[in-house]
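A.B. asks: the amino acid sequence is not available; the structure is as follows:
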């Protein structure tokens, strides 16, 4: 029986173990590493694969995350397939180098296990880290489950190398990184066949009729041309994410879109959200649907580039939408998801009301009852036609 | 869906216990979650861990709020309002249903623990097991997690002792020496055999 077979193939892994396993199966050339909570176990586990000779990877233990990304940039410019992982302050310390990686068009794949930024010091989940890097030119994929974290890392390799841009795979600190869930793994040979051999078109070491320079000085006569090409590459990434995801689904049976709609077709109201909190919201949707309310969820899987047209299409016909950000932009006008979703639907003839709700900062629990409260508020907005508070902190 | 909450202090192994329980249930064909909730990261700090076990895929990713089974690896956490180390974490009986099952690591009697838990006259079940002493006897260290797993197998029909031992041997053979594996297996058996109900 297919179902029994599928169950037999299931293992219980944490998000961190699953990402480390994906990295092992990809067998990258170089992994520069400076571990940080809650992504530490990715590097810890991967380094044991290196020590045991299960991968051919050159593990470079560096003295900071800035150096980790610098080493990754050097290796990628030399033509290596590079993977690493970080979180929070680590990603923040890489900030300068993130722009250099994307500006040099280097297909580095980095897992970012989402964690709050200090101060105050907090090691728990929120999205302040990766949202701070949202304009750094990295493709960003967000993962709801352990399974998707694993799958996204595998797909990220293909996406990065095709688009020639770095990819950041995000998953929730502790909630996903430290949680054991059922998942299915893919065998090593199939992973190798899926990611294929990496043959960069150009590199510092590649002998070519067109030798390459990386990170050269670029004056006003050329800098903007580079940026326009980078911008076009990012725009084109959407199609590549779709193609790679479709091929992945065809080969391994698990389907992923740019967005993930749940019960949206006939919905009056919806929550738009990222990562693990989506599942909790789905439970609230199931409960409210049983009670006769037309509610749904839209999960954003790809945030960079922003699937703005697809977001508008998904939210067309709804009456009220709440964008839940696990981060504050400190702008007096809601989180990044709120602003970008609201902007995406601006050209719709009939727009839903859109509100911003900031939730779950620094690991604050987001329960089914919290999702229900937001839905009830949205249903109230539909009933009265008025929005009392556009932006608000919840779960506090 | 069945939900379990573990209370302990850092280094007592409750995170590992939840992991072993989750893996064992997964091997028997269930959908599972096993996850920790860390407060301050230091030795001796209160730590919680959770399990969810279901016949259907589990969607929710929030904390376990209404656990049917509560395992308390450190009885000094009883009566604390911050039993998870955080202001919002609540006490060990927080959110438990009327038919909850408590398993406490203590040499004291279930009746004494029922009173300590403020469950006198309530229908919840209270079990005790001297998991600390068992772990010292069988493993040579104070890590009460595996005797408590054995006690859980006896007190509930969530898992069998055989499945727990089988999973532990398979999943931890690489990580631990044979002596450590055998010590923990003996500790599970002893926890299973010496649990008291009251």
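C.D. replies: Sure thing, it's come through. The model shown is predicted, which means the values in this text are computed figures rather than measured ones.
A.B. asks: okay, and the residue most central in space within chain B sits in which element?
C.D. replies: Centroid-nearest residue in chain B: residue B:71, 3.9 Å away (criterion: CA atoms, centre = their mean). Residue B:71 belongs to strand B:69-72 when assigned by DSSP states H and E.
A.B. asks: in terms of secondary structure, what does the next helix or strand after that strand contact?
C.D. replies: Downstream of strand B:69-72, the next assigned helix or strand under DSSP H and E is strand B:101-105. Strand B:101-105 makes packing contacts with strand B:69-72, strand B:125-129, helix B:145-155 when contacts are defined by 3 or more CB pairs under 8 Å, 6 or more residues apart in numbering or on different chains; DSSP states H and E. Backbone N, C-alpha and C define where each C-beta goes, glycine included.
A.B. asks: who touches strand B:101-105?
C.D. replies: B:68-75, B:78, B:92-93, B:96, B:113, B:117, B:119, B:124-132, B:144, B:147-148, B:151-152, B:155-156, B:195 (CB atoms under 8 Å, 6 or more residues apart in numbering or on different chains).
A.B. asks: what's the closest of the helices and strands packed on strand B:101-105 to chain A?
C.D. replies: Nearest to chain A among those is helix B:145-155; the distance by CB to the nearest CB comes to 15.1 Å.
A.B. asks: what residues sit buried inside the lengthiest helix in chain B?
C.D. replies: Secondary structure assigned by DSSP state H gives helix B:178-194 as the longest helix of chain B. Within helix B:178-194, the residues that qualify as buried are B:181, B:183, B:184, B:185, B:186, B:187, B:188, B:189, B:190, B:191, B:192, B:194, counting by 16 or more other CB atoms under 10 Å in any protein chain shown.
A.B. asks: surely the first one meets residue B:166?
C.D. replies: Pointing back at residue B:181 there. No - checked against CB atoms under 8 Å, the pair residue B:181 and residue B:166 is beyond contact range at 11.8 Å.
A.B. asks: before we move on, could you check phi and psi at residue A:283?
C.D. replies: In terms of degrees, to the nearest 10, the main-chain angles of residue A:283 are phi -60, psi -40.
A.B. asks: could you check how far it is from residue B:29?
C.D. replies: Here the criterion is CB to CB, to the nearest Å. By it, residue A:283 lies 22 Å from residue B:29.
A.B. asks: so which of these two has more stuff around it?
C.D. replies: Neighbours per residue, other CB atoms under 10 Å in any protein chain shown: of residue A:283 and residue B:29, the larger number sits with residue A:283, 18 against 11.
A.B. asks: quick check, pLDDT for the more buried one.
C.D. replies: At residue A:283, the model reports a pLDDT of 98.
A.B. asks: list the contacts of it.
C.D. replies: Residue A:283 neighbours (CB under 8 Å, 6+ apart): A:368, A:371, B:59, B:60.
A.B. asks: try residue A:21
C.D. replies: Residue A:21 neighbours (CB under 8 Å, 6+ apart): A:13, A:45, A:150, A:185.
A.B. asks: ok, back up a step: CSV for the contacts of residue A:283, including secondary structure?
C.D. replies: Shown next, in CSV, are the contacts of residue A:283 (DSSP: H, G, I helix; E, B strand; the rest coil):
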residue, secondary structure
A:368, helix
A:371, helix
B:59, coil
B:60, coil
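A.B. asks: any chance of these in a markdown table, with neighbour count too?
C.D. replies: Output for the contacts of residue A:283, formatted as a markdown table (neighbours: other CB atoms under 10 Å in any protein chain shown):
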| residue | neighbour count |
| --- | --- |
| A:368 | 20 |
| A:371 | 30 |
| B:59 | 21 |
| B:60 | 21 |
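A.B. asks: all good on my end, thank you.
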